[in-house]
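J.: quick one, fold the following:
(2 chains)
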Amino acid sequence: MKMIKLKINDMPIEVQEGTKIHDAAKKLKIKIPTLCYHPDLSIAGNCRICVVELKGSRTLVTSCSMPAAEGMEVYTNTLKVRKARKDVIELLLAEHNMDCTKCYKNCNCELQSIAKEYISDTDRFLDVSIKKPIDKSSPSFQKDDSKCIKCQRCVRTCTELQHVGCYSMAHKGDHVDVETFMDLPLNEVVCTNCGQCINRCPTGALMEKNSIEETWAALADPDKFVVVQTAPAVRIALGESLGFEPGARVTGQMVTALKRMGFNAVFDTNFAADLTIMEEGFELLGRLKKALLEKKPTVLPMMTSCSPGWIKYIEHEFPNLLDNLSTCKSPQQMFGVIAKTYYAKKMKIDPAKMIVVSVMPCTAKKFEADRPEMNASGYKDVDYVITTRELALMIQQAGIDFPALEESKCDSILGDYTGAAIIFGATGGVMEAALRTAYEVVTGREVPFKNLEILPVRGMEGIKQASIKIEGCLPEWKFLEGVELKVAIAHGLTNARTLMKLVEKGEAPYHFIEIMACPGGCLGGGGQPIPTNLEIREKRMAAIYAEDRSLPMRKSHENPEVQELYKEFLGTPNGHLAHELLHTHYTKREKY
Amino acid sequence: MISDKLKKYTKKIDIIFLDTDCNAILDKGLKMSADDVIKEITDSGLKGRGGAGFPTGLKWKFASQQKENPKYVVCNADEGEPGTFKDREILEKQACKVFVGMAICAHTIGANEGFIYLRGEYNYLLPQLNKELDKFNSDLKKRKLDFSISIRSGSGAYICGEETSLIESMEGKRGEPRNKPPFPVVEGYLNKPTVVNNVETFVYTAMIIQNGSKSFNELGTKDSRGAKVFSVSGDTAYAGIYELELGMTLEEFVDLFGDADTKAVQVGGASGFCVPRRKFKETIIGFEGVPTGGSMMLFNSSRSMYNVLHNFLEFFAEESCGQCTPCRVGCQQLLKGIEAVKSKKLLPKYLDDLKNMSETMRNSSKCGLGQSVPNCFSSILDNFKEEVIY
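T.: Numbering: from 1, shown residues only, chains lettered A, B, ... in the order given. All right, here's what the predicted structure looks like:
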């Protein structure tokens, strides 16, 4: 790689060819402010905040887009630069809805911070803000154009990371706007509710629909028995909103906080993740049996169904592949239905008076909970879904000194979990958990990987493939002897799409595919603390695998509470009652 | 009726609209080596006739040096600058010369495909143009030349005259300027090396090949060689299209075209500069003075320069692509700002704040559109402040 020598603020620096001025400056510990720039996305260069002076250039240049060149002399903090930045900020404020104190993103807004930094005069220019009704049609989030700064991060997120393309820029000049197809409401377009746009929106233009007040109201209602479940990826990110560094594991404090908030029972979605592995693992083995032993037509590869963003995506984009999806409900929904049936019965609680709240790293889970088919208990299986961000706010509202909390454990009987469940939060985790169980069911032995860690399915690579040769099968599974079980994993819907194109063409030689809608899996979910970037997601991932290693049980089928559930209530995995309560069906959707 | 004086003057130059043997030019051009073509065009001193004035020979040289393939030649016929209508006339009357210029360019840089990006409002030219193009393409085929030209229609956005927006639009995307670098000669259409030149530029390249660089270079001034087609409009009895030698002063120009009451000339359209009468004498039309893509609008004393400015700003507020902050919001601020001062909602000194802000539009906007909006604003404000305020 060719190296380039340049000077920034008279300090010499050498960078690789192609490095942008913004990144070169970072190496010199110079922070150039940005708004449209996001490390996960392509370069837009449209906000013009990051302008710098380049010797010999008639105009200022945007440091995010300008590649370093030999001999360049760049100045990042001249009078001219500061004036331009201040003007740009104040122009943005002139078209911005300035009701900051009423905004959910107040004090967590990139425009606000930068305006504060530059001591911006909000009255210098004429108000040219637009008045447009807030789109509240989506069950997951809302879009308020009056707060949009047209940075196009959402547009790029939706097209580049997710290949959904729900947004595009519409109109021009003073009428330019981020719009959906034909400006239809968000609940009528191809939006998957994944919330990745929210994670990258610098202002409050895109934010989740919160269920904070509903949850407090339920907790305050003496007639209600309120149970809470927390998804695996919440505990390794929640800390970021409450004073911890990314990658902090705050499971114990989180449980204590939930108990203090007044939940009648604090459970864990991990319990349901272990249950999912039982159902999904046996579903896979069933499909393999049908294909290999009974030689009957069977739809393979089987694909995971835990990620509701992914589910809505495939319903829109690949409706012909819906039969490939596992019929298993997601852990969130399995938990809801088990709480309102098995648990309610056992504890003699009227399920009509039970409220199930889930804390999720995800905005699509709000949509999933609202799906009309999610009422196998006879009631809405999950009543309220709050995101990691919402939980953090509630903890603050409750006046809980989170970092100082002692740790505690989840309640019984839906609170026990294994390491296999916790890794659901990372891309490849469901696959690894399924393999740990399925391999052992078939061979009676543990998966042949050191410490049960199936490294080929781990990591941030967009699409991963792996295979395990099955040898030494138990008599019942002899038909699998010598079979090389092939699996693939994708995260981010753009990668999912690449894989689905192969499946459509019949060029995907896999038995089992795991898809997560969000980059990195649930740990990078649309409900997680903001900001997000690869470095933060990698730290969360490391925390997830550390959490797995720290647990005494690492395989879903070892979960004693799950074993008891089958013994006392469900019967066998994929049995009749299990099917009724834990499995679902999908809906073909149009693209427009 | 054209005055004798004007007739005499315009007779001097007849390059663009002179009927010539296109085949002969093509023969000559194709026989020349790429280096020879580049040398000839460079020596002529020809600069891009769309308005920005980038040296054409240099542009072709950069494109010819690119290793990446395929390469493309694009003719920018998205003539959208207010007050410009010369490309339409050229395409109507001398389309073949445009094609020849493009073919020679393709030969020079090594391109196999050419496009004419035609302004949406000019779609009525399509039947005639396509007919001529079919003939030209089949002639090229007979010559066993691996090059053909087709037409892409714009949809009416001013911004698509900016070359990178034009390329985005050709790729089927929203017409928005790209970050530069990379420039189109390195990464243009489909991210391949692309030469984008104005209609008139291609005709001049063809004529330079025919007549040699010297005859072109002898015309004009040091920084503005050759001749140029002007679109003359406004308060004049001689509105129309004229090919004139570059380097004349506005005084000479107004002497030819004015109505004896000309108080200002807007040179270069809405994105250009307003020159008041007292500066006619010292102002050269060309790159050393005020450059123009051809638009020359004359205003006499019956015109309110506030209305002129308001009209331009309304145009920019609507035609900014809306992508970058200084241009999108800046245009609206300038427009609303002069309205507020005119209606006495704000004090006249607010105009100074606007002018101050417009410097940021000039130095921080992403493309030439936002960068040039302050031209009309400042030049009208500086010279006709009373009219803008009262």
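
J.: point out the residues in chain B that sit beside chain A.
T.: B:157, B:159, B:174, B:176, B:179, B:181, B:316-326, B:328-333, B:336-337, B:340, B:353, B:357, B:359-360, B:362-366, B:371 (CB under 8 Å from any CB of the partner chain). C-beta coordinates here come from the backbone N, C-alpha and C atoms, glycine included.

J.: show me the shaky parts of the stretch 101-250 of chain A.
T.: Along the stretch 101-250 of chain A, the model assigns pLDDT under 70 to no residue.

J.: same thing with chain A?
T.: The model of chain A has no residue with pLDDT under 70.

J.: could you break it into its assigned domains?
T.: A:3-77, A:92-208, A:212-271+A:332-404 (automatic domain parsing).

J.: closest to chain B out of the ones you listed?
T.: domain A:92-208 (2.7 Å; CB to the nearest CB).

J.: near chain B at all, the closest one?
T.: Yes. Under the criterion of CB under 8 Å from any CB, chain B is reached by domain A:92-208 at A:92, A:94-95, A:124-126, A:128, A:149-150, A:152, A:168-169, A:171-176.

J.: list buried residues within the residues of chain B next to chain A.
T.: Buried by 16 or more other CB atoms under 10 Å in any protein chain shown: B:157, B:159, B:174, B:176, B:179, B:316-326, B:328-333, B:336-337, B:340, B:357, B:359-360, B:362-366, B:371, out of these.

J.: next, residue A:136: phi, psi?
T.: Backbone dihedrals for residue A:136, given as degrees, to the nearest 10, come out at phi -110, psi 20.

J.: residue B:304 too?
T.: Main-chain torsions, residue B:304, degrees, to the nearest 10: phi -90, psi 120.

J.: what's the neighbour count on the spatially closest residue to it that is not a sequence neighbour?
T.: Distances taken as CB to CB, 6 or more residues apart in numbering or on different chains place residue B:387 nearest to residue B:304, at 6.0 Å, with adjacent residues excluded. Per other CB atoms under 10 Å in any protein chain shown, the neighbour tally for residue B:387 reads 18.

J.: helix, strand, or coil at residue B:387?
T.: Of the three states, residue B:387 takes helix under DSSP: H, G, I helix; E, B strand; the rest coil.

J.: pretty sure it contacts residue B:301?
T.: No. Look at residue B:387 against residue B:301 with CB atoms under 8 Å: they stay out of range, at 10.7 Å.

J.: indicate the residue of the stretch 51-200 of chain B located nearest to chain A.
T.: residue B:179 (3.9 Å).

J.: tell me the contacts of that residue?
T.: Listed by CB atoms under 8 Å, 6 or more residues apart in numbering or on different chains, the contact partners of residue B:179 are A:43, A:45, A:62, A:65, A:66, B:366.

J.: please redo it, this time with the cut-off set to 6 Å
T.: A:45, A:65 (CB atoms under 6 Å, 6 or more residues apart in numbering or on different chains).

J.: now the residue nearest to the spatial centre of chain A. Nearest residue, chain neighbours left out?
T.: Geometric centre of chain A, nearest residue: residue A:525, 1.2 Å, by CA atoms, centre = their mean. Nearest non-adjacent residue to residue A:525, counting by CB to CB, 6+ apart: residue A:361, 3.5 Å away.

J.: next, count neighbours for the one you found.
T.: 30.

J.: phi, psi of it?
T.: phi -80, psi 20.

J.: thought it was touching residue A:526?
T.: No. If you go by CB atoms under 6 Å, residue A:361 and residue A:526 don't touch, sitting 7.9 Å apart.

J.: that older thread, which of the domains of chain A is buried the deepest?
T.: Mean neighbour count (mean count of other CB atoms under 10 Å in any protein chain shown) peaks for domain A:212-271+A:332-404 among these, with a mean of 22.

J.: related to what we said a few turns ago, what sits against the residue nearest to the centre of chain A?
T.: A:361, A:362, A:518.

J.: mind doing that once more with 7 Å?
T.: Residues near residue A:525 by CB atoms under 7 Å, 6 or more residues apart in numbering or on different chains: A:195, A:233, A:361, A:362, A:518.

J.: of all the residues you listed, which two lie farthest apart?
T.: A:195 and A:233 (12.9 Å; CB to CB).

J.: could you point out the longest helix of the chain?
T.: In the absence of a named chain, chain A is used. When chain A is parsed with DSSP state H, its longest helix is helix A:269-288.

J.: switch to chain B, please.
T.: Using DSSP H, we find that the single longest helix of chain B is helix B:86-109.

J.: which non-adjacent residue is nearest residue 5?
T.: Just so you know, I chose chain A. Using CB to CB, 6+ apart, the nearest residue to residue A:5 is residue A:14, at 5.2 Å.

J.: try again with chain B
T.: residue B:256 is the one closest to residue B:5 (CB to CB, 6+ apart), at 6.4 Å.

J.: could you give the average pLDDT over the longest helix of chain B?
T.: On average, the pLDDT along helix B:86-109 is 97.

J.: parallel or antiparallel, list what pairs with the following helix or strand past it.
T.: Next in sequence after helix B:86-109, counting helices and strands by DSSP states H and E, comes strand B:113-118. Strand pairing for strand B:113-118, using DSSP bridges, gives strand B:72-77 (parallel), strand B:148-153 (parallel).

J.: list just the one of those strands that sits closest to residue B:209.
T.: Residue B:209 lies closest to strand B:72-77 among these, at 14.9 Å (CB to CB).

J.: quick check: the gap between the residue lying closest to residue B:276 once chain neighbours are set aside and chain A.
T.: Nearest residue to residue B:276, sequence neighbours excluded (CB to CB, 6+ apart): residue B:383, at 4.1 Å. Note on residue B:383: its distance to chain A, by CB to the nearest CB, to the nearest Å, is 24 Å.

J.: before we move on, back to that, just the residues of domain A:92-208 next to chain B: which are in strands?
T.: Using DSSP state E, the subset of those located in strands is A:168, A:169.

J.: which stretches in the stretch 201-350 of chain B count as helices?
T.: For the stretch 201-350 of chain B, the helices defined by DSSP state H, counting those that start in this stretch cover B:213-217, B:250-257, B:305-319, B:325-342, B:350-364.

J.: a markdown table please, covering the ones you listed and showing mean pLDDT.
T.: Below are the helices of the stretch 201-350 of chain B laid out as a markdown table (pLDDT from 0 to 100):
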| stretch | mean pLDDT |
| --- | --- |
| helix B:213-217 | 95 |
| helix B:250-257 | 96 |
| helix B:305-319 | 98 |
| helix B:325-342 | 98 |
| helix B:350-364 | 97 |
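
J.: who wins for proximity to residue A:251 among these?
T.: Going by CB to CB, the one of the helices of the stretch 201-350 of chain B nearest residue A:251 is helix B:325-342, 43.3 Å.

J.: could you check the angle helix B:305-319 makes with that closest one?
T.: Calculated by axes from the mean of the first three to the mean of the last three CA atoms, to 10 degrees, helix B:325-342 forms an angle of 150 degrees with helix B:305-319.

J.: how much space between the closest residue to residue B:88 other than its chain neighbours and residue B:91?
T.: Spatially, and ignoring its direct neighbours in sequence, residue B:88 is nearest to residue B:122 (5.9 Å; CB to CB, 6+ apart). According to CB to CB, to the nearest Å, residue B:122 stands 7 Å off from residue B:91.

J.: now do residue B:250
T.: Per CB to CB, residue B:250 is found 28 Å from residue B:91.

J.: same check on residue A:386?
T.: Residue A:386 is 62 Å from residue B:91, by CB to CB.

J.: how about residue B:56?
T.: Residue B:56 is 19 Å from residue B:91, by CB to CB.
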